[in-house]
Structure formats: C-alpha cells, structure tokens
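S.K.: fold the following and give me the result.
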Amino acid sequence: MIRWRKGTVESVRREWPGAVELDVTIGGDGAHRALAYPALVGRPEPGDTVLLNTTALAMGLGTGGYAMVVAIPDRLPPDPAGPGHLVKARYTPLQATVLGADEQDSPHHALLRDADSLDGTPVVVADLHSALPPILAGLLAARPGTRVVYVMPDGGALPSWFSMSVARLKDAGALAATVTAGQAFGGDLEAVTVHTGMLAARLVLDAEVIVLAQGPGNLGTGTKWGFSGVSAGEAINAAAVLSGRPVGSLRVSEGDRRERHIGVSHHSLTAYGRVALARAQIPVPELGGEFGARVAGEAAALGDRHELVPVAVHGLRDELAAAEKEWGVRLSTMGRRLDEDLPYFLTAAAAGRHTATLL
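M.R.: A predicted model of the protein is given here:
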C-alpha cells in the first residue's frame, strides 16, 4: 500500500536532466532525500509544501530509496500543450500523455508504419540496468564513435529520468539517445512496444548498436520465474523477429551473497535458456581460474539453443576504470563497485567488445 506524507522542501541537493533531488522535512522526523520529476509535478523550490509518496523510505529500498514528490499542492504546473496521445503509467495518479514515435500524430509515423526490419543491427540485451555502462565501455573501447541508442522497457523504473547513468552517458557522448517503450517514459523518443522502440532507434535515431535493458530497480522474488529480468529473453525474441542480431549479455557475479546469482545467474539461464526461443550470440568471458571455468561450464547449458562466443577480457579492467572516470558514471551493481565484483563488469564489457566485431 502507498504511504502518503506532507513535507517541506529544505534545499535542492542536485539536478540532472528530468529530475531534482531534494532535502525535505517530514513532520518532526528530520530531513530525508526526495526526488521530483519537474515534467510531471513542476519544479519544487525551498519552502514549498509537497505531497510525498514515502513507500520506498518505509521499505528501506536501496535503488529507489527516495520519497517521491507527487504534487506541489500550492503551485500546480501548467497544463501541457502539444500533440501526443499515448498514455503511460496508465490509470495511476501520475499517468502522463506523451507523443509516441509510432502514433499517427508523430512526424515519424509514416516511416514506422510499415517498418519491419532492423537490417541486421546488433541488439545487446542485458538483465540489469547496471550493465549499460560496462557494455558501452567494452564496445566503445573497441570501436570509438559507434552510435548507440538505449531502449528502456518497463521492467524497472518507469521514468528514464530516474537514471543518473543515462544522463551522464548522454552528456559524455557515450550514448546517443534513449527510447522508452511500454509503460516507461521520458526518453528522447517514446514507443508503444520494444518492437517499435527498436525500430525507432534504428530508423529514426540512426543507431548502429541498440542496447536493451530494464531501467533501475530490478524486481525479484527468489523464485524461478518471478523476476523482471525474464524480459531479457523476450527482448531476444523481439530483436530476432525484426531481423536484428541479438547478443545476450550474461549476468555473472563472484560477489553476490545469494548462491543463485554466483557464477552465471539463474536469471540469465532462465531468460536465455527457456524464454528466448530465437537464436542469439552469447559472449562468454574468458575469466580464467576456477571461477572462470565455473562460468564457462554453466554457460555451456545455453549452447544447444544459442551460439556461445568466447571473449578475451584482457585490458577491460583498465577500460572500465577509464570510462568511469571519463564519463562520470559510477560503476555499481547491487551496491558493489568495480573491484568488489569485477567479473560482473568484465562480462558486460565482454558483450560490448564482441558486439564491436559485428559492425
């Protein structure tokens, strides 16, 4: 259930495109972090009274542990103007109308109306949002200047504005643009499905490579099928049916405390081994040692359905560290930094390095 509170804005902590992070006082409980999306609620200023959804604070969520600004009751934003008939976050209190690239009022409608092919464009699919920066690091180190578009489905965060990584990657020039698909919104282009999202990325935004991974906030229940990363297998199918070249980035960990994610995560084995019916290339990092042998052995289970591609990882640790510094993006997965779970980042970077060979 939703927890509602009123608060007072004390200060603006920082801003990035689409989002404002605040300090808010809630009753006599001191200051808390809050997040507002100005396109939805207007821009909060110090002294404003704000209506907050404090569910994430109460649950102690790590990824999304903010109070969310629902409204500034004393200063509502103006009604939006302009075209757009797609309603996203439908039938929630913050449902928003956007202009879809694929809808009839869009200048791209004619281009996308009968579009049916990605013409062999590589589509790198990953489970977690945290895989996006290392995939880009591996790809761009091998092939600088590649035009990459990120397609964000609705398995994690719905507003793309929540992702500081996307904002910084775009600002650094590592990422050309973002398309938000399904119920997700806030991208440079909006799309109804991942299919039209990928077609828009290729045909409208001229993507040379598409990366498709859920936004921040992966949801899992510790069950075989109850995790939002199942959509990675569905994305493989979508890329294949549109004549793209699907590449499945494995989720690998040596630092996770949960046994089901050590080595090759059960998320990857289920999504690629059961859900993905189309054939993809699966880069398998040559990590070396006992752990590397474990990863290769577990990945072998996917060999009947997919093409397993061994990828050397020499030099990738340095490339990842350089990208983190140059782009200002914090490499982190489930709270673990680069050297706290190096195989995770090397595996995603290996997927990027392999994808560069397809261009």
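
S.K.: pLDDT-wise, which helix or strand of this structure ranks last?
M.R.: The weakest-scoring helix or strand in the chain, judged by mean pLDDT, DSSP states H and E, is helix 55-59 (a mean of 81).

S.K.: may I see the buried residues of that helix?
M.R.: 56-57 (16 or more other C-beta atoms under 10 Å). All C-beta atoms are positioned from the backbone trio N, CA, C, and that covers glycine.

S.K.: repeat for stretch 352-359
M.R.: Across stretch 352-359, burial judged by 16+ other C-beta under 10 Å covers 352-356.

S.K.: cool, stretch 275-285 as well?
M.R.: 275-276, 280-285.

S.K.: got it, and stretch 33-45?
M.R.: Under 16+ other C-beta under 10 Å, the buried positions of stretch 33-45 are 34-37, 39-44.

S.K.: tell me how far residue 72 lies from residue 4.
M.R.: Noted for residue 72: a distance of 15 Å to residue 4, by C-beta to C-beta, to the nearest Å.

S.K.: got it, and residue 82?
M.R.: From residue 82 to residue 4 the distance is 31 Å (C-beta to C-beta).

S.K.: likewise for residue 129?
M.R.: Computed as C-beta to C-beta, the residue 129 to residue 4 distance reads 28 Å.

S.K.: equivalent analysis for residue 287, please.
M.R.: 48 Å.

S.K.: start to end distance for stretch 310-322?
M.R.: 24 Å (C-alpha to C-alpha, to the nearest Å).

S.K.: could you do stretch 299-306 as well?
M.R.: By C-alpha to C-alpha, the extent of stretch 299-306 from end to end equals 10 Å.

S.K.: mind listing what's buried in that stretch?
M.R.: 299, 302, 305-306.

S.K.: where's residue 46, which helix or strand?
M.R.: According to DSSP states H and E, residue 46 maps onto no helix or strand at all.

S.K.: ok so, going back, okay, the buried residues of stretch 33-45 in TSV with pLDDT and secondary structure next?
M.R.: Below are the buried residues of stretch 33-45 laid out as TSV (pLDDT from 0 to 100; DSSP: H, G, I helix; E, B strand; the rest coil):
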residue	pLDDT	secondary structure
34	95	strand
35	96	strand
36	97	strand
37	96	coil
39	93	helix
40	94	helix
41	95	helix
42	95	coil
43	94	coil
44	96	coil
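
S.K.: of these, which is the nearest to residue 229?
M.R.: residue 35 (23.9 Å; C-beta to C-beta).

S.K.: hey, what's the closest one bridged with?
M.R.: residue 21, residue 68 (DSSP bridges).

S.K.: that one contacts residue 18, correct?
M.R.: No - judged on C-beta atoms under 8 Å, residue 35 makes no contact with residue 18 at a distance of 10.3 Å.

S.K.: give the other helices and strands that the least confident helix or strand of the chain contacts.
M.R.: Counting contacts by 3 or more C-beta pairs under 8 Å, 6 or more residues apart in numbering; DSSP states H and E, helix 55-59 is packed against strand 67-71.

S.K.: which helices and strands does the strand it packs on pack with?
M.R.: strand 4-16, strand 31-36, helix 38-41, strand 49-53, helix 55-59.

S.K.: quick one: closest of these to residue 241.
M.R.: Nearest to residue 241 among those is helix 38-41 (32.9 Å), distances taken as C-beta to C-beta.

S.K.: convert the closest one to PDB, retaining C-alpha atoms only.
M.R.: The C-alpha trace of helix 38-41 is given here as PDB (Å, rounded to 0.1, in the frame of the first residue of the first chain):
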ATOM      1  CA  PRO A  38       9.600  18.600 -13.000                       C
ATOM      2  CA  ALA A  39       7.900  17.500 -16.200                       C
ATOM      3  CA  LEU A  40       5.200  15.800 -14.100                       C
ATOM      4  CA  VAL A  41       4.900  18.000 -11.000                       C
END
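
S.K.: which parts of the stretch 51-200 of the chain are strands?
M.R.: 67-71, 86-88, 96-98, 122-125, 148-152, 177-181, 189-191 (DSSP state E, counting those that start in this stretch).
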